[in-house]
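J.: sequence and predicted model, in that order:
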Amino acid sequence: MTVLELRDVHRVHGTGGTAVKALDGVSLIVCPGELVAVMGPSGSGKSTLLNLAGGLDSPTSGQVLVDGTSLQSLSRKQLAAWRRKRIGYVFQDLNLIASLTAAENVALPLDLDGVRKSRQQAEKALSEVDLDGYADRFPDEMSGGQQQRVAIARALIGERRLVLADEPTGALDSRTGEAVLRLLRSKVDAGAAAVLVTHDARHAAWADRVIFLRDGVVVDVSQRDQPEELLSTP
Amino acid sequence: MSVKHGLLALLERGPMYGYQLRAAFDSATGGTWPLNIGQVYTTLSRLERDDLVVALPENDGQRPYEITGQGRAELRKWFSSPVKRGDRPRDEVAIKLALAITTPGVDVAKVVMTQRTATMRTLQEYTRLKTQPGELPWLLVLDAMIFQAEAELRWLDHCEASLVRYETQAVPEPADVEVPR
C-alpha cells in the first residue's frame, strides 16, 4: 500500500505578475520500506514538497494523500490529529523542547492524543535508536547526534509510518551524520516510508530513489541498480 | 597504480603463486578491480626479469614467487612517493563535456543530466555496499569510490549552474566584436 502519494501537485505562491510556481505538476508515490531523497538547487521546491507532504501547506491544485486519505479532505483539527498519528518530522534544527527530557519529547505526540503508557512506548522508541539509559536526560545534556536520534525516535513513535526529514544531518559532523542516515535507513527497512530532503549527494545515496527538482518540476529520477550489475561494470 | 606494485605489496606478506595473488588482490580491493590470471602471470614474468621477484621451486604443480631485496626497495619507493595527478587516467567525463559544449547540435544540459543520473545511481550502490560487513582495506577503497562519485556530482552541479549563467549572458555576434588592429 502507498504511504504517501502526490497527484499532479501544483503550488503557486502569490498572484498575478508576482506569482511564483513553487511546485509545477509533481507526482510522487512512496511505499512502505522505501526511502526517497529529494535534491535540487535552492528554490527548486524541495521544502515546499515536504511541507505539502506533511500537511503543513496546501496545494494550489492536485492532491496529497497519506495512507490513502486526502489531506485536503480533512478539517484543520482533523489534519492536526492525522499529522500527529501518521507523520513524523525530523528537522535540521531538531525542534526538541529544551525543558522536556528525551522520553518526554518522544512521548509528546502520544500524550497530546491521551495515549496511555506513553512513557513505556517512548523508552522502547529510544531503545530502538540505541539510546537506552538516556530517557531522563535533557537535550542540552546530549550530543548533537544523540539529540538527532531522539528526534528520529519521536518521528517514528506510535503508529507513524511516514517520516519527513529536512536536512536532518545538516548540523552534524560527517561520521555522526552517516550514523543518523544508517538509522533512518534501518527504520525504513523495517517497514517505514521516508522522504529526505538534502543537498548532499552522499546522504541522498542512502535512498532507494533520488528525485531531482528544478523550478518546481521533477527533472530526473535515479533508482538503485542491482549490485551484480554494478560490479560487472568495467 | 600499476599491477606490478600491487603484486609486490602482496608478496611482501610471503611467497604466493599466481592464483593466490589474484585472490588476495580481489580480497584487498573488494573485487572492484578484477585481474585476470593472464595479467598476473605476465606481470610476474616482468618482475622476475627485473629481479624484483624470484620463482621458487614448484610445489604441487604450482610455482610460488618471492619478493627480492630489490623488489622490497621498489615497494618502499612506491609507498613513499605520492601518486601524481598526471599519472592518473584522463577524466573522460570532463573531456566529453568540453567537447559537447563545442560540438554543434549537442544538448549539453542533457549530457550533464545523463551523467549525473548514472553517477548518482553508482553512488547509491556503493552506499548500499557500505551496509554490508567488510574488512577495513575494502571499506577504505569503497569510501574512496564514494567520495570520487560525490565529487563528480558536485562538479556536474557546478557545470549545470555555469551553463545556465553562460546561456543567460548576451553573447555578441562575431560581426559585433571589435577586432583589435
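T.: Good, I have the coordinates. Numbers count the residues shown, from 1 in each chain, chains lettered A, B, ... in the order given.
J.: which helices and strands sit right next to the helix or strand of chain B with the lowest mean pLDDT?
T.: Least confident element among the helices and strands of chain B, by mean pLDDT, DSSP states H and E: helix B:92-102 (a mean of 84). Contact here means 3 or more CB pairs under 8 Å, 6 or more residues apart in numbering or on different chains; DSSP states H and E; on that basis helix B:92-102 packs against helix B:108-130, helix B:136-168. All C-beta spots, glycine's among them, are computed from the backbone N, C-alpha and C.
J.: out of the ones you listed, flag the one nearest residue A:18.
T.: Closest to residue A:18 of those, according to CB to CB: helix B:136-168, at 20.7 Å.
J.: and the angle for that closest one with helix B:108-130?
T.: 160 degrees (axes from the mean of the first three to the mean of the last three CA atoms, to 10 degrees).
J.: neighbouring contacts of the least confident helix or strand of chain B?
T.: With contacts defined as CB atoms under 8 Å, 6 or more residues apart in numbering or on different chains, helix B:92-102 is touched by B:106, B:108, B:111, B:112, B:115, B:152, B:155, B:159.
J.: for stretch A:74-89, same thing?
T.: A:53-55, A:66-67, A:69, A:71, A:95, A:109, A:112-113, A:154-166.
J.: show me which of those residues are buried.
T.: For the contacts of stretch A:74-89, a burial check counting by 16 or more other CB atoms under 10 Å in any protein chain shown picks out A:53-55, A:66-67, A:71, A:109, A:154-158, A:160-166.
J.: and the top helix by length along chain A, C-alpha only, in PDB?
T.: Longest helix of chain A, by residue count under DSSP state H: helix A:174-189. Provided in PDB are the C-alpha atoms of helix A:174-189 (Å, rounded to 0.1, in the frame of the first residue of the first chain):
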ATOM      1  CA  SER A 174      30.200  13.600   8.700                       C
ATOM      2  CA  ARG A 175      30.500  10.500  10.800                       C
ATOM      3  CA  THR A 176      27.500  11.300  13.100                       C
ATOM      4  CA  GLY A 177      25.500  12.300  10.000                       C
ATOM      5  CA  GLU A 178      26.200   8.900   8.500                       C
ATOM      6  CA  ALA A 179      25.100   7.200  11.700                       C
ATOM      7  CA  VAL A 180      21.800   9.100  11.600                       C
ATOM      8  CA  LEU A 181      21.300   8.100   7.900                       C
ATOM      9  CA  ARG A 182      22.100   4.400   8.800                       C
ATOM     10  CA  LEU A 183      19.400   4.700  11.500                       C
ATOM     11  CA  LEU A 184      16.900   6.200   9.100                       C
ATOM     12  CA  ARG A 185      17.700   3.500   6.600                       C
ATOM     13  CA  SER A 186      17.200   0.800   9.100                       C
ATOM     14  CA  LYS A 187      13.800   2.200  10.200                       C
ATOM     15  CA  VAL A 188      12.700   2.300   6.600                       C
ATOM     16  CA  ASP A 189      14.000  -1.300   6.000                       C
END
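J.: any idea how far that helix is from the middle of the chain?
T.: Centroid displacement of helix A:174-189 relative to its chain, using CA atoms, centre = their mean, to the nearest Å, is 13 Å.
J.: and chain A, which residues reach chain B?
T.: Contact residues (CB under 8 Å from any CB of the partner chain) of chain A with chain B: A:41, A:182, A:185, A:201-202, A:204-208, A:210, A:212, A:219-225, A:227, A:230-231.
J.: residue B:150 and residue A:204 touch, don't they?
T.: No. Counting by CB atoms under 8 Å, residue B:150 does not reach residue A:204; the two are 9.8 Å apart.
J.: if you count surrounding residues, which of these two has more?
T.: Neighbour count, other CB atoms under 10 Å in any protein chain shown: between residue B:150 and residue A:204, residue A:204 has more, with 28 against 20.
J.: dump the residue contacts of residue A:119.
T.: By CB under 8 Å, 6+ apart, the contact list for residue A:119 reads A:103, A:107.
J.: next, give phi and psi for residue B:54.
T.: phi -130, psi 140 (degrees, to the nearest 10).
J.: residue A:15 now?
T.: Main-chain dihedrals, residue A:15, degrees, to the nearest 10: phi -140, psi 170.
J.: distance of it from residue A:162?
T.: According to CB to CB, to the nearest Å, residue A:15 stands 31 Å off from residue A:162.
J.: got it, and residue A:76?
T.: To residue A:162, residue A:76 is 19 Å away according to CB to CB.
J.: what do you get for residue B:167?
T.: Residue B:167 is 39 Å from residue A:162, by CB to CB.
J.: what's the answer for residue A:168, then?
T.: The value you get for residue A:168 to residue A:162, if CB to CB is used, is 14 Å.
J.: what of residue B:165?
T.: According to CB to CB, residue B:165 stands 38 Å off from residue A:162.
J.: repeat that for residue B:51.
T.: In this view, residue B:51 and residue A:162 are 66 Å apart by CB to CB.
J.: same deal with residue A:218?
T.: In this view, residue A:218 and residue A:162 are 19 Å apart by CB to CB.
J.: assign residue A:169 to helix, strand or coil.
T.: Residue A:169 carries the three-state label coil when classified by DSSP: H, G, I helix; E, B strand; the rest coil.
J.: got the phi and psi for it?
T.: Dihedral angles (degrees, to the nearest 10) for residue A:169: phi -110, psi 10.
J.: okay, it: pLDDT?
T.: Here, the pLDDT recorded for residue A:169 equals 80.
J.: cool, thanks, talk later.
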